[in-house]
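Novice: Sequence and predicted structure are below.
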Amino acid sequence: MKYFSLNQQAPDTTFKDAVIRGLAPDKGLYFPESITPLSPDFFKNIDKLSHTDIAFEAIKQFVSPEIPEADLKKIIEDTLSFDFPVVELNKNLSFLELFHGPTMAFKDVGARFMARCLGYFSKGNAQEDVTVLVATSGDTGGAVANGFLGVEGVNVVILYPSGKVSDIQEKQLTTLKKNITALEVNGTFDDCQDMVKQAFLDDDLISKMKLTSANSINVARWLPQLFYFMFAYKALHDKYENIVFSVPSGNFGNVCAGMMAQQLGLPVSHFIASNNENNVVTRFLDTETYNPKPSIQTISNAMDVGNPSNFVRIQEIYNNNFGTLKENLSSYSFSDKATIEAMQEIYNEFSYVADPHGAVGYLGAKAYLETHPNAHCVCLETAHPTKFLDVVGEAIRENIDLPPQIVAVMDKKKKSIKIDSYSDLKAHLLS
């Protein structure tokens with residue numbers, strides 16, 4: 001498989017090079033040159049397939065031939081070493097739980113897959129180390145830190161906004177040490193992301209070290225997220241015909257991966273991008289004007305993104321046709337107040353505890369169902385509620401048992417380096 005830059009000013013390249021580079025030389029996001037749908041028999045017989053088999057068939061065309069099939073299957077088995085349960089609330093609503101991995105967030109899948117791909121590519125090579133540079137608004141940092149911990153030949157530098165991630169999220173990305181460094185930025189997530197982008201544009205820096213990104217701009221972080229849309233379809237297709245996914249959306253990598261599953265033939269006709277008050281895409285679908293704005297801090301902090309990087313990939317999937325995009329995507333925006341009320345409603349009506357991001361997904365599903373009452377909406381529950389103990393506990397007025405993954409980091413000592421500017425980041429990288 002070849003990959004091309006969506007900026008159209010760089011040579012096509014391989015999966016390996018796209019993973020190692022992260023961004024194309026023209027600073028565009030990489031996109032596969034073709035998407036070959038899977039056989040209809042694949043979906044007809046999906047009940048007979050294991051999660052590993054489903055994921056292997058879905059991803060192999062995007063990875064071949066650089067990772068042999070036997071090695072790819074091992075990477076997938078290691079990546080998918082936890083469950084992806086679907087919890088049905090009623091005939092119209094389900095939650096797909098994506099928080100059963102080591103850091104209790106959906107990003108464990110992409111981070112683990114990418115880490116193992118990079119580990120495969122660096123195995124036995126005497127080349128210089130790769131530095132993975134990543135900005136996080138919450139869960140990405142912990143997932144990347146855990147996924148890459150101890151991977152030989154890979155150093156990880158994580159930028160996060162000071163005071164704008166939850167205490168548990170901060171512990172997950174600042175306490176692992178080894179090849180993981182956390183930089184605490186005096187600013188917002190957008191400031192962190194801008195610093196990362198500036199690093200990739202800095203010819204002086206990239207002439208001295210090999211940089212890649214583990215945000216969802218990287219194809220190896222983004223593409224494997226399509227797996228769990230197929231897992232949910234396997235669990236529900238024999239009960240419901242009109243399955244729709246409501247995806248809490250920040251940088252839009254997750255909903256974009258679902259759309260890639262759709263391009264592979266997954267029988268899903270529509271997606272819902274559920275936004276908090278960072279609603280650039282909601283506004284775009286209303287006005288056809290794309291107008292990024294500085295991010296707003298909310299209780300669903302992993303979605304606090306004012307200029308979602310992956311939206312350009314979504315436009316590519318639908319051939320930059322606004323009408324086609326609207327046929328496949330709806331978007332709604334909700335306040336913190338509505339999110340808290342949704343957490344209370346979910347708990348009171350269904351005895352289910354949702355985190356703030358899952359609650360936003362639930363609100364998007366409810367809004368869609370008002371005009372599509374025959375749909376079955378699968379809300380992605382992207383993080384375990386205990387990662388947001390203060391907010392969730394206050395909303396439902398109940399104590400939540402802490403899972404072992406959370407208990408393991410609670411008493412660890414935070415270690416971070418505070419920075420204020422890009423010059424601070426560059427100085428650290430060069431040191």
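Specialist: Sure thing, it's come through. Nothing here was measured: the structure is a model prediction, and the numbers come from that model. Residues are numbered from 1 along each chain as shown.

Novice: low pLDDT regions in this protein?
Specialist: The chain contains residues with pLDDT under 70 at 124-128.

Novice: remind me, longest strand of it?
Specialist: Across the chain, the longest stretch assigned as strand under DSSP state E is strand 154-161.

Novice: Within its sheet, name the partner strands of that strand and how each one runs.
Specialist: strand 130-135 (parallel), strand 180-185 (parallel) (DSSP bridges).

Novice: Straight-line length of stretch 405-418, end to end?
Specialist: 26 Å (C-alpha to C-alpha, to the nearest Å).

Novice: count of neighbours near Asp420?
Specialist: By other C-beta atoms under 10 Å, the residues close to Asp420 number 12. C-beta here means a position set from N, CA and C on the backbone, and glycine is covered the same way.

Novice: Show the contacting residues for the residue nearest to it when sequence neighbours are not counted.
Specialist: With sequence-adjacent residues excluded and distances taken as C-beta to C-beta, 6 or more residues apart in numbering, Asp420 is closest to Asn186, at 4.8 Å. Applying C-beta atoms under 8 Å, 6 or more residues apart in numbering to Asn186 gives the contacts Ser162, Lys418, Ile419, Asp420.

Novice: ranking those by neighbours, who comes first?
Specialist: Ile419 (21 neighbours).

Novice: Run through the bridge partners of that one.
Specialist: Taking DSSP bridges as the rule, Ile419 bridges to Val185.

Novice: pull the CA atoms of the longest strand of the chain into CSV?
Specialist: Output of strand 154-161 as CSV, limited to C-alpha atoms (Å, rounded to 0.1, in the frame of the first residue of the first chain):
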residue,chain,number,x,y,z
VAL,A,154,11.9,4.9,20.8
ASN,A,155,11.8,7.9,23.1
VAL,A,156,8.5,9.5,23.9
VAL,A,157,7.9,13.2,24.7
ILE,A,158,4.4,14.1,25.7
LEU,A,159,3.1,17.7,25.9
TYR,A,160,0.0,18.4,28.0
PRO,A,161,-1.7,21.6,29.2
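
Novice: Give me the distance from the very next helix or strand once past it to the chain's centre.
Specialist: Note on strand 154-161: by DSSP states H and E, the next helix or strand toward the C-terminus is helix 167-174. In this view, helix 167-174 has its centroid 17 Å away from the chain centroid, taken as C-alpha atoms, centre = their mean, to the nearest Å.

Novice: for stretch 322-336, same thing?
Specialist: On C-alpha atoms, centre = their mean, the centre of stretch 322-336 falls 18 Å from the chain's centre.

Novice: what comes up buried for it?
Specialist: Judged by neighbour count (16 or more other C-beta atoms under 10 Å), stretch 322-336 contains these buried residues: Leu325, Leu329, Ser330, Ser331, Tyr332, Ser333, Phe334, Asp336.

Novice: And the closest residue to Val134 other than its chain neighbours, its phi and psi?
Specialist: In space, and not counting its chain neighbours, Val134 is closest to Ala214: 4.3 Å by C-beta to C-beta, 6+ apart. Phi and psi for Ala214, reported as degrees, to the nearest 10, are phi -110, psi 10.

Novice: Cool, thanks, signing off.
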